[in-house]
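Enquirer: dropping a prediction and its sequence here:
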Amino acid sequence: MSVAFASARRRRTAHLFAQGILVLALVAGLNFLATRHSWRFDLSRHARHSLSPETRSYLKDLPAPVTVVVTLVEDAEEDHLVQAYRDVRTLLRDYVEASAANPLGPIRVEYVDVFRNRAAAQRLGVDEPHRIFVFSGEKRRRVDIDQIYRIKDGEKVAFTGEQAFTAALLDVTRPGRQKIYFLVGHGEMDPADTDPARGLSLLRDELVLRNFEVEILDLPTIRALPSDAALFVCAGTQGRYSPAEQELLRRHLSTQAGRLLLLLQPGSPHGLDDLLFDWGVQADDVLVVDPGPEGRADTGDLVGYPATDAPHPVINFLADNKIFLRFGPSRVVRPDPGRSLDPGLTVLALLGASPTAWGERSYRQRGIYTRDATDLLPPPQLALGTASERTPPKSGLGLSVRSGRLVVFGDAAWLANQRLAAGGNAMLALSAVNWLADRDTQLNLPPRPIEKFQLSLSSARLGRLRLTLLLALPSVAAVLGLLVYWNRRR
C-alpha cells in the first residue's frame, strides 16, 4: 500500500510539473504573439487617447525617416516637467506604432539627458534640456513645452501635443525649406537691415532658426510672383503700390490660396484698398491715440491687447496668458462693416487698444489731440490687427484644405529690432507667420482636454484606509489560506 501511495505521489508531482511547463509555455506563446500582433483599444470618450485619422494618413505617407530626440527626463525636480515627460512618451509611442507600417518613413525616438549623457547629446546635436527635437535628414524642428499644452491663467487646460508633433513632422519631411519673401521697392523695412528702428534682422534670424528661407522680392521689377512662396510680407510700405502690383497680390491670394502678412503705417499711402476690400478688411487713415493709463507703456509705446474671446491660433497663447503687445504709431485695421456676405470669408479682429483710445482723423495737424465727434470712436475697442481667411467648401473627408489667408496690422514698427523682444511682440510675429505658412494650424486636430480628479479624505478616513490595507486584506488572505490547509488535512 505504501508502494501505491508513493507511485501516486510521483504521478501527482509529475502532473504538477507538467502543468507548470504548460502554463509557462502558454504565457511565453501569448507574449510572443503579442510582440508581433498587438491590439490596443481606446475606450475613452471620443477616443481622445488615439491619433486622429488625419495624423495617421500623414504618417502612412511620410517620405523619409524621422528621429525624435526628447531631452525631458522622468526624474526632473519640477512636477510639470515630469508630467510633460509622461505625456510626450505616451504620445510618441503612438506615433512609432502608427509609422511602423511605412517602410519609407518610420519614426524613431531617443530619450537623452543632456547633463548625464553628454556623448549622446553631442552625437545627436542637442544641448538644450526640456525640449523635443524632430530631425529628418538635414532638417530639424524644435518643439517647446508651451507648444504641447494650452495654458490659461497659468494652468494647463488642454494637451496639444498631436498638433505640434504632426506639424513638426510635416515640416521636416517637406522637400526643401519654406520660403518667405519680403517685398521691397516702396520703402519697406528690410530683413537684412540691423537698424534698431527700421531693421528686421532679428526677425530674420528667428525665422531662419525655424527652418524658413528668407528672401527679398523687388515687386516693381517682376511680372509674376514666385510660385514657391509660402508667405509674402509687406512691412511698412512708404509708397503706393501700383494697380498692376496690387493685382498680382490679389490674384495670388484669391486663385492660388496665397498668404500675405501686411503691416501698414499711419500716414503712408499703400494702394491696396481693393485687395483689402476683397478680404473684408478696412484700414482707416487715422492715428490711434490713447492717453489712458492702460493704453501706454512706460516707454510711451501704444499697448495692444487681444481683441476677442474667440479662439484664433495667432493670439491664443497671448489671450490665455494675458500678454500685452507694444506698438509704435498705429492706424486702425478692423473688419470692414460693409464687407460682402461671403459665407466662406471669415474676418476677425485680433488685437485692440484699450477702451480709452480713439482714432484721430486730423493727426497730420500738429498740436494736442482732442477727442471729438469727427474722430473714429469705439465701441467697443479699436482694432490694431485683423485676420481674414477664405475657406473653400468642405470635401466631407474630414481633412484640412488649404485656403487663402491675410493678416493685416496697423503698425510695422513693433517688428523692428528695438521692439521685437518687448512684451509678446516676437510671439505674435511667429504665431502669425506659423498660421499663414501652415506651420502649426493647417491641421484639423482637436486638443485633448486635461481632466483632473481629486480624492479628498479626512484624517479619520485616511486612518481607516491605512488599517484596511495593512490589516484587513492580509487577514482575509490568511483566513483563506487556513481554510485551504484545513480542507486538505481532512
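Expert: Sure, I can see it. The model shown is predicted, which means the values in this text are computed figures rather than measured ones.
Enquirer: mind listing the helices for the stretch 51-200 of the chain?
Expert: Listed in chain order, the helices of the stretch 51-200 of the chain (DSSP state H, counting those that start in this stretch) span 53-60, 79-99, 118-124, 161-173.
Enquirer: how about the longest helix along the chain: buried residues?
Expert: Counting by DSSP state H, the longest helix found in the chain is helix 2-36. Going by neighbour count (16 or more other CB atoms under 10 Å), nothing in helix 2-36 comes out as buried. For glycine as for every other residue, the C-beta is placed from the backbone atoms N, C-alpha and C.
Enquirer: try stretch 267-277
Expert: Buried-residue list, stretch 267-277, by 16+ other CB under 10 Å: S268, H270, L272, L275, L276.
Enquirer: convert the C-alpha atoms of it to PDB, please.
Expert: The C-alpha trace of stretch 267-277 is given here as PDB (Å, rounded to 0.1, in the frame of the first residue of the first chain):
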ATOM      1  CA  GLY A 267       0.300 108.500 -42.900                       C
ATOM      2  CA  SER A 268       1.700 106.200 -45.600                       C
ATOM      3  CA  PRO A 269      -0.500 105.500 -48.700                       C
ATOM      4  CA  HIS A 270      -0.500 101.900 -49.600                       C
ATOM      5  CA  GLY A 271      -2.600 101.500 -52.700                       C
ATOM      6  CA  LEU A 272      -4.100  98.200 -51.600                       C
ATOM      7  CA  ASP A 273      -7.600  99.300 -50.900                       C
ATOM      8  CA  ASP A 274      -9.200  97.000 -53.400                       C
ATOM      9  CA  LEU A 275      -7.300  94.000 -52.100                       C
ATOM     10  CA  LEU A 276      -8.400  94.800 -48.500                       C
ATOM     11  CA  PHE A 277     -12.000  95.200 -49.700                       C
END
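Enquirer: next one: that stretch to chain centre, how far?
Expert: Mean-position distance between stretch 267-277 and its chain equals 31 Å (CA atoms, centre = their mean, to the nearest Å).
Enquirer: rounded mean pLDDT for it, please.
Expert: Mean pLDDT, stretch 267-277: 92.
Enquirer: what of stretch 337-352?
Expert: Averaging pLDDT along stretch 337-352 gives 86.
Enquirer: off-centre distance for that stretch?
Expert: Between the centre of stretch 337-352 and the centre of its chain there are 24 Å (CA atoms, centre = their mean).
Enquirer: okay, how far is it across that stretch, tip to tip?
Expert: In terms of CA to CA, to the nearest Å, the two terminal residues of stretch 337-352 are separated by 16 Å.
Enquirer: please apply the same query to stretch 103-114.
Expert: The separation between the terminal residues of stretch 103-114, taken as CA to CA, is 30 Å.
Enquirer: going by neighbour count, list what's buried in it.
Expert: Residues of stretch 103-114 classed as buried: G105, P106, I107, V109, Y111, V112, D113, V114 (neighbour count, 16+ other CB under 10 Å).
Enquirer: for stretch 85-94, same thing?
Expert: Y85, D87, V88, L91, L92, D94.
Enquirer: quick one: contacts of that stretch?
Expert: For stretch 85-94, the surrounding residues in contact (CB atoms under 8 Å, 6 or more residues apart in numbering) are 49-51, 68, 70, 72-74, 76, 107, 109, 111, 132, 148, 159, 161-162, 165.
Enquirer: that stretch: how far from the chain's middle?
Expert: Relative to the mean C-alpha coordinate of its chain, stretch 85-94 is positioned 17 Å out (CA atoms, centre = their mean).
Enquirer: could we number from 57 for the rest of this?
Expert: Yep, numbering from 57; the last one is stretch 141-150 now.
Enquirer: could you give the mean pLDDT of that stretch?
Expert: For stretch 141-150, the mean per-residue pLDDT is 91.
Enquirer: stretch 74-94 too?
Expert: Average pLDDT, stretch 74-94: 81.
Enquirer: surely L518 is within a helix?
Expert: Yes - counting by DSSP: H, G, I helix; E, B strand; the rest coil, L518 is found in a helix.
Enquirer: the nearest residue to Q234 once chain neighbours are set aside: which element?
Expert: Residue nearest to Q234 in three dimensions, not counting chain neighbours: A286, with 3.9 Å by CB to CB, 6 or more residues apart in numbering. Assigned by DSSP states H and E, A286 belongs to strand 285-291.
Enquirer: need the contact partners of whichever strand or helix holds L259.
Expert: Assigned by DSSP H and E, L259 belongs to helix 257-265. For helix 257-265, the external contacting residues (CB under 8 Å, 6+ apart) are 236, 247-250, 270, 471, 473, 476-477, 482, 485-486, 489.
Enquirer: ok, of these, which one's closest to V463?
Expert: Checking the contacts of helix 257-265 against V463 with CB to CB, the nearest one is V489 at 9.1 Å.
Enquirer: packing partners of the helix or strand hosting that closest one?
Expert: In this assignment (DSSP H and E), V489 forms part of helix 481-492. Contacts defined by 3 or more CB pairs under 8 Å, 6 or more residues apart in numbering; DSSP states H and E place helix 481-492 against helix 257-265, strand 285-291, strand 315-319, helix 372-377, strand 381-383, strand 460-465.
Enquirer: quick one: which of these is nearest V540?
Expert: Of the helices and strands packed on helix 481-492, the one closest to V540 (CB to CB) turns out to be helix 372-377, at 60.1 Å.
Enquirer: just give me how far that closest one sits from the chain centre.
Expert: The chain centroid and the centroid of helix 372-377 are separated by 12 Å under CA atoms, centre = their mean.
Enquirer: swap in stretch 384-397?
Expert: On the basis of CA atoms, centre = their mean, stretch 384-397 sits 27 Å off its chain's mean C-alpha point.
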